[in-house]
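[1] When you get a sec, could you give me coordinates for this:
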Amino acid sequence: MSCSLCLSDVCGLALLSRMSLFKARDWWASVLGEGEEFDQGCLCVGDVDNSGSGYDKIVVGSFMGMLRIFSPHPAKPEEQMEADAQLLEVQFPDPIIQVEMGKFVSCSELLHLAVLHPRKLSVYAVSGTAGNVEHGDQYQLRLVYEHNLQRTACNMTYGPFGGVTGHHFICIQSMDGMLMFFEQETYAFGRFLPGFLLPGPLSYCIRTDSFITVSSTRQVECYRYETLAVATDADTRQDSDQQSKSSGKRLTADWTLVLGEEALDVCVPHTSSAMSSIFVLGERNLFCLKDNGQIRFMKKLEFNPSCFLPYGSVSEGSTNILMCNHNNMLLVYQDVTLKWVAQLSCVPVAVRVANFPELKGLVVTLSSDGHLQCSYMGTDPSFFTAPKVDAREVNYDEVDTEMKMLQKVIRGATKTQDILPRAETEEELTLTAIVSSNLDEVSCAVIPEMNGMPVPSVTVKVKIKSRSAVQSPKMTVCVQPPLAVTQDQFVLDSMGSGCELVVRFSAFLNGHYPPADLCGDIAVSYSSATELNPAGIPRVSQCKFNLPLRLVCYPSSAIKNAKYKITVDTNKPPVNLNEVFPDFSEKSENNESSALGFQLITGSKVIVLASKTSQRYRIQSESFEDIWLVAKELVQRFDQHFASLGVKDFRNSFTGPIPLPEYFETVDHHFELRVNVQKYQDLLSERAVQFRAIQRRLLTRFKDKTPGPLQNLDTLMEGTYRQVIALADAAEDNRERLIQAFTRLQSATHLLILLLSLWQGLGSEQTAILEATLLPLLQDTPQLGWEESVDAAISHLLKTCLSRSPKDQAISLSTGPLTIPKDTSRLKKHITLLCDRLGKGGRLSLTSEANVPTTVMMPAGCESIPEPIVEQEEEPRLQQDSAKYIKKKQPSKRIKSKSDSSKESSREKKEKDSGKEKDSKVSSKESKKESSKESSKRESTKESKEPSKDKESTREKESSKESGKEKTKVSRKSSVKVKEKKSDAGDG
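    Numbers count the residues shown, from 1 in each chain. All right, here's what the predicted structure looks like:
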């Protein structure tokens with residue numbers, strides 16, 4: 001049997017243990033017109049034709065001036081929707097703002113229809129005549145009276161104003177804030193609302209005989225009808241001063257309540273004569289107020305409401321609320337408790353409750369585009385029965401094959417899962433950047449000369465080729481400062497399929513310090529039209545380009561001595577540097593192939609020396625960070641040179657030591673400038689406070705009627721002003737120096753990363769992690785600086801993938817807000833520890849299986865210090881190697897404990913072959929239970945030197961004995977030590 005739920009039964013839903021989500025069941029629906037618009041005032045329900053049957057009709061008006069009256073009833077399943085559900089349709093010349101039913105005619109107590117137009121209020125009588133033929137009944141709309149309005153109307157409300165019985169009066173709110181009162185066929189009076197800006201919702205409270213509205217100041221205002229009646233006449237708007245001088249009382253609100261948000265609707269349901277509640281629907285909250293302005297309750301909404309309707313509840317003292325939102329949902333609340341949720345087919349702008357012949361308590365909703373729907377909440381039974389499945393034999397081989405294939409697909413999908421979708425194999429727009437091999441004949445640099453050397457520029461040509469039609473492409477060029485380009489923004493014309501476009505610009509040096517990177521980025525944003533989106537989907541294509549080293553330095557003579565030096569090793573015989581750097585060997589003063597000089601335009605001189613006897617190359621300079629660009633270029637050109645010769649096993653390396661002291665000098669200089677920024681800011685604040693205080697005192701002296709001496713306040717203000725200007729200049733100079741220091745710090749960090757990757761042979765993934773750790777910022781900001789960011793990143797690596805063992809890994813990593821540190825000692829310590837862990841074979845990884853030993857290529861002359869890795873199962877060969885290593889060196893506590901476990905496993909293996917019983921396992925157990933750390937150290941050291949010749953059977957027997965024998969094991973400890981010494985001497 002089918003189940004339906006009327007509004008009178010909704011209160012029974014409180015017994016539900018959980019909230020269910022159903023679709024609202026359609027009882028009757030219709031689409032009104034085409035291209036018409038509707039709002040919350042365009043719907044009302046009631047017995048408009050006074051038939052006396054107790055059933056309602058639906059009256060709908062539209063902004064197009066169309067008035068329709070419906071008497072809905074469902075069609076039979078075998079028949080289509082009957083057309084006689086629409087009783088009347090009338091076209092008016094003016095838009096319909098609101099329709100209401102009430103007793104609006106003085107000589108009759110029947111219901112009449114009030115239709116509000118922008119400049120007119122019309123009251124109609126609807127009557128029906130029974131038909132004698134098959135066409136059915138006929139309905140007519142007769143005008144009773146109308147009022148021409150002097151002001152443009154916004155909305156209206158009605159009720160028994162002043163306590164009249166048997167009749168309803170009408171109040172219309174105009175767009176300029178005037179309340180116009182009509183006592184049926186007569187215009188009574190008009191009043192302007194004080195402080196009016198924009199009209200809001202309007203409602204009438206019968207119990208207190210007052211009007212409720214929400215003003216543009218986002219507060220609820222209540223005006224009594226008696227106060228409005230005796231207030232100053234408002235036939236013409238007057239100022240408040242003029243109103244106070246004229247006759248009558250000034251209009252004031254009975255009470256107000258601040259909401260803090262705009263109100264969508266106000267409703268005062270007449271459920272009880274003892275009390276009345278005022279419901280205000282806000283943009284994010286539902287408010288229920290008492291008639292004296294006090295808040296009864298408030299409900300915070302998790303959605304954007306569109307309309308609501310309070311109505312009487314079966315439970316005494318509570319009110320049910322129908323609420324619709326923009327998610328096509330209909331929600332039923334009992335006060336603040338959600339009782340039911342149903343899904344609608346559209347977003348309603350008006351909701352009402354109506355009774356029809358076959359079903360009472362139907363929900364009538366109207367959308368903004370004219371979807372009129374009558375629905376009820378509940379479920380319909382499902383008579384679907386699943387068909388029987390034909391039993392057939394299962395081919396398990398095929399099932400296993402399919403399962404393996406699906407598991408392979410799942411594993412591949414989980415490994416390659418990305419946050420962003422993968423790009424298509426062939427992009428719609430292809431970018432190709434070509435950097436000219438020669439410098440521009442006429443430089444485009446803004447600063448033509450620096451340090452006595454001309455500043456060159458180089459042309460970059462960008463080819464843009466479209467595979468399909470693209471709309472409004474825009475190109476952006478980005479280079480790292482102090483590099484600059486002649487134009488960084490290009491607005492291009494739309495391109496068709498197969499079109500090609502060439503854009504040129506020049507890059508040059510535009511600052512008095514060397515750049516940290518010679519790479520540039522090009523991005524083109526465009527729109528690509530599709531069938532579903534003809535306007536175009538935004539897309540971006542990118543490419544990179546590398547500027548030549550010749551752009552920032554000139555060839556120079558080589559010097560043999562310098563302050564900072566690093567050495568790069570190769571595995572191939574030395575090459576002629578003039579062949580590797582042909583663009584710098586042309587103007588070199590000496591033609592020696594073993595030395596080459598690079599003079600940075602805004603930096604120091606960098607020298608590259610090639611050893612004649614070994615495979616080493618030395619890079620030296622008077623500035624540590626200036627080595628970076630030349631070292632990077634040297635490594636890249638070596639790779640290109642040997643690749644062109646067909647050499648596949650060429651490798652660069654660095655034997656150390658890592659120049660951390662030199663690097664820390666750059667870090668300290670940058671940090672000092674950051675500290676100076678805060679100092680200058682504090683000094684400027686103090687001087688500004690002092691300057692304002694002097695100004696106030698001088699102003700007081702100048703305003704004094706009795707002139708007095710200034711007591712040198714003018715001299716003090718002038719001196720303070722000069723101090724403020726000097727501090728501002730110093731702060732600006734410090735800011736520029738900080739920008740340069742950060743760029744030099746970037747260069748030094750790039751050099752450190754290069755040396756670490758060459759030292760440990762790091763792959764591209766590990767190098768990328770190292771770059772993200774040491775270079776997390778593109779620029780310094782007052783809120784977040786390089787030191788605290790790098791310290792947090794390195795601390796994360798030391799607690800995860802670079803921890804000493806998996807047991808030491810942090811389970812949960814939590815950190816507070818990053819602030820500028822007091823000094824750089826902690827940062828230096830962490831950077832040193834990072835290099836030490838990498839030197840000992842640490843592996844950089846972002847996965848959970850980061851602490852896994854890997855084979856690390858070590859350069860000649862360097863020996864790694866192994867750290868223990870605790871695992872559940874270890875290879876016997878690795879155990880023996882670690883045991884031999886422990887005999888040679890004094891191990892740490894962790895190495896000792898690991899060697900004990902490896903000795904025990906090897907000892908168990910030999911016990912099965914020899915079949916001899918010994919009690920040396922007693923000491924092994926005893927050493928674990930001793931509380932003294934000293935005796936534990938001595939015992940574990942002796943066990944590491946003892947040969948593995950014990951039995952597993954002895955350990956199993958001893959573990960199964962009672963705890964009373966534990967004492968006898970302690971007494972035998974000394975004899976075991978003697979046996980260990982004898983066996984040691986035997987081995988010797």
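[2] for residue 836, phi and psi?
    Main-chain torsions, residue 836, degrees, to the nearest 10: phi -70, psi -40.
[3] So it versus residue 772, what's the distance?
    Taking CB to CB, to the nearest Å as the measure, residue 836 falls 20 Å from residue 772. Any C-beta I mention is one placed from the backbone N, CA and C, and that applies to glycine too.
[4] Ok, residue 503 next?
    Distance from residue 503 to residue 772, counting by CB to CB: 32 Å.
[5] These two: who's more crowded?
    residue 503 (18 against 12; other CB atoms under 10 Å).
[6] Which parts of the stretch 651-800 of the chain are strands?
    All strands of the stretch 651-800 of the chain, identified by DSSP state E, counting those that start in this stretch, fall at 652-653.
[7] Would you mark the buried spots in stretch 475-483?
    Buried residues in stretch 475-483, counting neighbours by 16 or more other CB atoms under 10 Å, are found at 475, 477, 479, 480, 481, 482, 483.
[8] in the stretch 451-600 of the chain, which spans are helices?
    Secondary structure of the stretch 451-600 of the chain (DSSP state H, counting those that start in this stretch): helices at 577-580, 582-585.
[9] hey, which of those helices is tucked in deepest?
    Counting by mean count of other CB atoms under 10 Å, helix 577-580 has the highest mean neighbour count of the helices of the stretch 451-600 of the chain, with a mean of 18.
[10] centre of the chain versus it, how much separation?
    Its chain's C-alpha centre and that of helix 577-580 lie 51 Å apart, by CA atoms, centre = their mean, to the nearest Å.
[11] Counting by contacts, list what it packs against.
    strand 595-600, helix 627-644 (3 or more CB pairs under 8 Å, 6 or more residues apart in numbering; DSSP states H and E).
[12] just the angle between the shortest one and helix 627-644, please?
    Same thing as strand 595-600. 130 degrees (axes from the mean of the first three to the mean of the last three CA atoms, to 10 degrees).
[13] tell me what strand 595-600 is packed against?
    Using 3+ CB pairs under 8 Å, 6+ apart: strand 595-600 touches strand 553-556, helix 577-580, helix 582-585, strand 605-610.
[14] which of the residues in the longest one are buried?
    The one in question is strand 605-610. Buried residues in strand 605-610 (16+ other CB under 10 Å): 605, 606, 607, 608, 609, 610.
[15] Then stretch 487-499?
    490, 495.
[16] Now the terminal residues of it, how far apart.
    End-to-end distance of stretch 487-499 (CA to CA, to the nearest Å): 23 Å.
[17] What ranges in this structure fall below the confidence cut-off?
    Across the chain, the ranges flagged by pLDDT under 70 are 1-21, 75-84, 131-136, 233-249, 272-274, 379-392, 415-426, 586-593, 805-815, 847-988.
[18] would a markdown table of the buried residues of stretch 475-483 with distance to residue 319 be doable?
    Shown next, in a markdown table, are the buried residues of stretch 475-483 (distance: CB to CB, whole Å):
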| residue | distance to residue 319 |
| --- | --- |
| 475 | 62 |
| 477 | 64 |
| 479 | 66 |
| 480 | 65 |
| 481 | 65 |
| 482 | 70 |
| 483 | 69 |
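[19] Kindly indicate which of those lies nearest residue 792.
    residue 480 (23.8 Å; CB to CB).
[20] Contact partners for that closest one?
    Counting by CB atoms under 8 Å, 6 or more residues apart in numbering, residue 480 touches 515, 516, 517, 519, 520.
[21] related to what we said a few turns ago, can I get the buried residues of strand 605-610 in a markdown table including distance to residue 530?
    Shown next, in a markdown table, are the buried residues of strand 605-610 (distance: CB to CB, whole Å):
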| residue | distance to residue 530 |
| --- | --- |
| 605 | 57 |
| 606 | 53 |
| 607 | 58 |
| 608 | 54 |
| 609 | 60 |
| 610 | 58 |
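[22] Quick check: of these, which lies closest to residue 492?
    Closest approach to residue 492 among those (CB to CB): residue 606, at 40.0 Å.
[23] and that closest one, how far is that from residue 562?
    8 Å.
[24] One more: residue 458?
    Separation of residue 458 from residue 562 (CB to CB): 28 Å.
[25] now residue 363
    87 Å.
[26] Between these two, tell me which one has more neighbours.
    Set residue 363 next to residue 562 and count neighbours by other CB under 10 Å: residue 363 wins out with 25 against 18.
[27] pretty sure that one contacts residue 378?
    No - with contact defined as CB atoms under 8 Å, residue 363 does not reach residue 378; the gap is 11.4 Å.
[28] What is the burial count for residue 540?
    By other CB under 10 Å, the residues close to residue 540 number 11.
[29] show me the contacts for the nearest residue to it once chain neighbours are set aside.
    Once flanking residues are discounted, residue 540 sits nearest to residue 525: 5.1 Å by CB to CB, 6 or more residues apart in numbering. Residues near residue 525 by CB under 8 Å, 6+ apart: 473, 474, 476, 538, 539, 540.
[30] Include distance to residue 152 when you put those into JSON lines, please.
    Shown next, in JSON lines, are the contacts of residue 525 (distance: CB to CB, whole Å):
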{"residue": "473", "distance to residue 152": "48"}
{"residue": "474", "distance to residue 152": "45"}
{"residue": "476", "distance to residue 152": "50"}
{"residue": "538", "distance to residue 152": "42"}
{"residue": "539", "distance to residue 152": "48"}
{"residue": "540", "distance to residue 152": "49"}
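[31] Name the nearest of those residues relative to residue 734.
    residue 476 (31.2 Å).
[32] quick one: the closest one and residue 523 touch, right?
    Yes - between residue 476 and residue 523 there is a contact under CB under 8 Å: 5.0 Å.
[33] about what we covered before: farthest pair within the contacts of residue 480?
    Farthest apart among the contacts of residue 480 - using CB to CB - are 516 and 520, which lie 12.9 Å from each other.
[34] what helix or strand is residue 321 on?
    With secondary structure defined by DSSP states H and E, residue 321 is part of strand 319-325.
[35] Quickly run through the sheet partners of whichever helix or strand comes after that strand, with directions.
    Downstream of strand 319-325, the next assigned helix or strand under DSSP H and E is strand 329-334. If you go by DSSP bridges, strand 329-334 pairs up with strand 319-325 (antiparallel), strand 337-343 (antiparallel).
[36] Make a markdown table from those strands and add mean neighbour count to it.
    Below are the strands paired with strand 329-334 laid out as a markdown table (neighbours: other CB atoms under 10 Å):
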| stretch | mean neighbour count |
| --- | --- |
| strand 319-325 | 22 |
| strand 337-343 | 16 |
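[37] Distance to residue 438 added to those, as CSV?
    Listed next are the strands paired with strand 329-334 as CSV, based on distance: least, CB to CB, whole Å:
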stretch, distance to residue 438
strand 319-325, 67
strand 337-343, 69
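[38] my read: residue 328 touches residue 345, true?
    Yes - in this structure, residue 328 is within contact of residue 345 by CB under 8 Å, at 6.9 Å.
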